[in-house]
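Visitor: coords please:
(chains A and B)
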Amino acid sequence: MGFFRKKEKKMEKLIISKSLDENMKRLKERLKDCDDIVYKEFRVGVEQNLRFLLVYVDGMSSRDMLNDAVLNALMVHAREVPPEAKEPGEGLYKLVRYGGLPASELADKDNLEDAILAILIGDAVLFIDTTEKCIIIGAKGWPMRGVSEPNTEALIRGPRDGFTETFRVNTALVRRRIRDSRLKLKQLRLGKRSFTDIGVMYIEDIVSPELLEEVFRRISTIDIDAIIESGYIEQLIEDNCMSPFPQISVTERPDEVAASLYEGRVAILVDNSPFALIVPTTLNSLFQSPEDYYDRWYVASILRFIRYFASILSLVLPASYIAVTSFHPGILPDKLVISMAAAREGIPFPVVIETFIMEVTFELLREAGLRLPVPIGSAIGIVGGIVIGSAAVEAGIVSPIMVIIVAITAISSFSIPNYSLSVGFRMLRFFLMILAGVLGLYGIMLGVLLILSHLVKLKSFGIPYMSPYVSFEGSDFKDTIVRVPTFLMARRPILLARNRIRLRNNRNLINRPEQESERDDKE
Amino acid sequence: MKAIKRLGAAAVMSCLLLLAGCWDKVEIEDRLFVLAIGVDSATEAEQKISEDRYTLSFVAPVVDQIIEGEGPTFHTYKTVENNLITSLTQLLERFSKKQFFGHTRAIFFGEDIMKSDKLLKEVLDGVSRYHELHNSMYAYIVPGRAEEVFEVKPMYDKLLAPYIAGITENSNYTSKAMRLSLLDMTIMLENQQGGLVIPKLVPGEKEVRLNGAGVLKGYKLIGYLGDKETSVYNWLMNKAKGGAISIEYNNTPTVFRHFTFNRKIRLAKVEEGKIYLNYEMETEGSIEEYKMGWKILDNVLLEEISREVEKRIEGESEKLIEKFQKQFKADLIGVKDYLSKYQPKLYKTIEKDYEKFFTDSIVVEVTANVKIRRVGLIK
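Guide: Model (predicted):
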């Protein structure tokens, strides 16, 4: 069960003894100073000679459930129907285990270690006097956030449900979209202290076995005390930790996870995190939004094009401004160059410094606004608007054109659907700005070449990051800048999936033959 | 050891990248955007030393006055030197801004430069080969001195150079305006051993007029073409596009506006040591203006009008060809170009002493084909 059981063996192994008191003693010893553990001892039977002990963590197990399924059943109902086993022993245990507890989730354990782990996970454990086994009762019931709309990935059209912090809810949200016995969920516990639930989801006959093996291999290398969030796993198993580009995509949307599974990807769900990881990831898939597939194809294609365009703008616009104004004003039209020179007249800083001041100011504002509660955040917006918008220009510190450049850059970087990708572009933007300040357009070209060569080399779980642009698989281009009509998306991605046909094009059956429709009219 | 070698290789390779090309980082507000250049020969009063030959004027906008402001929108920076390059360095010695020629739209040559083949050859070599100057600026001849152009305060435009360039770009719509880039100018001078037809710009008080053209032979100005002759010259050189030809028909002035104008040269015959060429001109256009009450859609009438226009085109063209043959004795109408490119064997036989052959033994016949496509609105 536990992933690091073997290494964990330094502590003295605890076994369940026959004596309830002994068991209680051992538990209390191990769980010393854990004041949130409830030990409920009770007696059952006409003579009150059968001793039971129920142990659970206060707040993590559902009290209602325990009252109904354990205490009420054993203490009250058992009296109405006299149990056959009046003596403590194996018979009593079987009676309780198979007949006495109206709970849906029960398991036997003969090891106190496992029992303790079950308690800490939120289940309740029932000990019966004179029995060397205990019953684990699935009674997890901590207060949880309801399923709500994902904040970071809002859509106009599409389902409104998003993952929550509870692992089981999340797996259910995905399962609801794939009612296929071939959808597999392999559960692991990671973290030597946190024992966090990790679920690896895939569809058996679509996913490629090599990818699956690679995922499990990489997860098995993790040796850490605690997994607080899925970001821990992302950073521990990604291919290149120095790259500014995210190689694992992160989503809060169960529909996106389901769609990725159907494509032959693997999803990793982590307890306590509403963010699921999807591997492998390509640059192209980071520009996709689930909405692209819900909207009609040309709408999606135009939006895709805008996103690609925006990403290029957010990457090179400030750098190009620097290069053009300080190195190559010859490429601007006459009137523009004159008005730009007029706007720059009297600005004390060189363009590079001016651009850095404004870009850094903008980043500060964004960072400040991000962490603040909404009412204060709007105040930041006002301050930023005034500081960037007019005061800086009126004070003659920056030129009005610079404000436009910063604004367009900001808007562009917000139109990239993936947050971690847009952060990557943000970093590279500053890198290109420095290069442009030193070498002009030539510097930008060098920088872009560097980025491109890095991207071409980059892989995510064995899949080239730039595919399908580098793999040249004709059929995979159907879902790139242009998203072809749905009826043409007949095959799954060639590099990912095994079972490639996903739909048959029956568009020709949509329009009925003409005689038939006329006959219909007459009727 | 291996790592050091690798690092060294990387350093050498990055040198290749970083040391390629040349960069001049100059902030946009520190540049002097020279929009036009004027070239004159230095007058004695201007000469500081007797070697000074040229007066160069550089026109640059006063950028903060263009968007708003009462002051002048452009300044003229003048230098007197004996060559182009030292004139440019002189600008750097006298003014804080660094001149930038990326947006230079026009170069004006004063008449006195054009009259001296020595001065023109020297300055043209500098202008056409200096790497910072680009070759697509328009070239003009100015009767009198080129710097006079810079005293014009355009009525409706804030800047002078875009104003003049704009007039030149109207040559798409009127064949009387001629367009000549510095590159075409140097190519033509090279090909014709100093022969050139260059648009003439006449400065006025508040406007300039693109009026006629100067004719150069052997790098020397030998005469001017008039307004209409420039138009005819454009026809002959296949440079015309849009334009208007006015004729008189039945004592009523009528205008034929052409939208396309194509000229083809055909070798008609070679007889008795003479070469007969045929200039075929084809134009399409509309009759825009005639007389109230006439049925302009009448086929016969249109036929007659187009005959009239054709006669006009043929007559004027032949007159101008004669002027080039007899008066200027210079082949600037594309005969040599045609013969050397399309009839190289024939051209070989007359290559020596071509100029004499051109004036005496080339017979050019012009045939025009006018198609009236539209007649304007009718009842």
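Visitor: Low-confidence regions, the chain specifically.
Guide: Just going to use chain A. Residues of chain A meeting the criterion pLDDT under 70: A:1-13, A:80-88, A:514-523.
Visitor: I was after chain B.
Guide: For chain B (pLDDT under 70), the answer is B:20-23, B:379.
Visitor: All the strands of it, residue numbers only.
Guide: Taking DSSP state E to define them, one finds strands in chain B at B:31-33, B:36-41, B:54-61, B:74-81, B:98-100, B:106-110, B:138-142, B:196-203, B:208-217, B:220-225, B:243-249, B:252-271, B:274-289, B:362-374.
Visitor: Mind putting those strands into JSON lines with distance to A:Leu27 and mean neighbour count?
Guide: (C-beta placed from N, C-alpha, C; glycine too.) Shown next, in JSON lines, are these (distance: least, CB to CB, whole Å; neighbours: other CB atoms under 10 Å in any protein chain shown):
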{"stretch": "strand B:31-33", "distance to A:Leu27": "82", "mean neighbour count": "24"}
{"stretch": "strand B:36-41", "distance to A:Leu27": "96", "mean neighbour count": "26"}
{"stretch": "strand B:54-61", "distance to A:Leu27": "89", "mean neighbour count": "24"}
{"stretch": "strand B:74-81", "distance to A:Leu27": "93", "mean neighbour count": "19"}
{"stretch": "strand B:98-100", "distance to A:Leu27": "85", "mean neighbour count": "18"}
{"stretch": "strand B:106-110", "distance to A:Leu27": "97", "mean neighbour count": "24"}
{"stretch": "strand B:138-142", "distance to A:Leu27": "97", "mean neighbour count": "26"}
{"stretch": "strand B:196-203", "distance to A:Leu27": "104", "mean neighbour count": "24"}
{"stretch": "strand B:208-217", "distance to A:Leu27": "103", "mean neighbour count": "22"}
{"stretch": "strand B:220-225", "distance to A:Leu27": "114", "mean neighbour count": "18"}
{"stretch": "strand B:243-249", "distance to A:Leu27": "105", "mean neighbour count": "16"}
{"stretch": "strand B:252-271", "distance to A:Leu27": "100", "mean neighbour count": "16"}
{"stretch": "strand B:274-289", "distance to A:Leu27": "104", "mean neighbour count": "18"}
{"stretch": "strand B:362-374", "distance to A:Leu27": "104", "mean neighbour count": "17"}
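Visitor: Those: which one's closest to chain A?
Guide: strand B:54-61 (5.4 Å; CB to the nearest CB).
Visitor: Residue numbers of chain A in contact with chain B?
Guide: Neighbours of chain B within chain A, by CB under 8 Å from any CB of the partner chain: A:325-327, A:329-331, A:334-335, A:337-342, A:344-347, A:350-351, A:437, A:439-440, A:442, A:446.
Visitor: Off-centre distance for stretch B:130-150?
Guide: 11 Å (CA atoms, centre = their mean, to the nearest Å).
Visitor: What separation do you get for the residue of the stretch 151-300 of chain A found nearest chain B and A:Leu432?
Guide: Taking CB to the nearest CB, chain B has its nearest neighbour within the stretch 151-300 of chain A at A:Met242, 17.0 Å off. From A:Met242 across to A:Leu432, the span is 18 Å (CB to CB, to the nearest Å).
Visitor: who's more crowded, the two?
Guide: The neighbour count for A:Met242 versus A:Leu432, taken as other CB atoms under 10 Å in any protein chain shown, is higher for A:Leu432 (26 against 5).
Visitor: Find the nearest non-adjacent residue to the more buried one, please.
Guide: A:Ala319 (4.0 Å; CB to CB, 6 or more residues apart in numbering or on different chains).
Visitor: what kind of secondary structure is that neighbour in?
Guide: helix (DSSP: H, G, I helix; E, B strand; the rest coil).
Visitor: Does it touch A:Met433 like I think?
Guide: Yes - the pair A:Ala319 / A:Met433 is scored as a contact, 4.9 Å apart, by CB atoms under 8 Å.
Visitor: The two - which one has more neighbours?
Guide: Between A:Ala319 and A:Met433, A:Ala319 has the larger neighbour count (other CB under 10 Å), namely 28 against 25.
Visitor: list the contacts for the more buried one?
Guide: A:Arg429, A:Leu432, A:Met433, A:Leu435, A:Ala436, A:Gly443, A:Ile444, A:Gly447 (CB atoms under 8 Å, 6 or more residues apart in numbering or on different chains).
Visitor: hang on, the earlier thing: and the residue nearest to A:Leu432, how far is that from chain B?
Guide: 14 Å (CB to the nearest CB, to the nearest Å).
Visitor: Over to A:Ile444?
Guide: Distance of A:Ile444 to chain B, computed by CB to the nearest CB: 12 Å.
Visitor: List buried residues within the residues of chain A next to chain B.
Guide: A:325-327, A:329-330, A:334, A:337-342, A:344, A:347, A:350-351, A:437, A:439-440, A:442, A:446 (16 or more other CB atoms under 10 Å in any protein chain shown).
Visitor: Quick check: closest non-adjacent residue to the residue in chain A positioned nearest to chain B.
Guide: Of all residues in chain A, A:Gly330 sits closest to chain B, at 2.7 Å by CB to the nearest CB. Computed as CB to CB, 6+ apart, the closest residue to A:Gly330 that is not its neighbour in sequence is B:Gly102, at 2.7 Å.
Visitor: A:Asn506 too?
Guide: A:Phe487 is the one closest to A:Asn506 (CB to CB, 6+ apart), at 7.7 Å.
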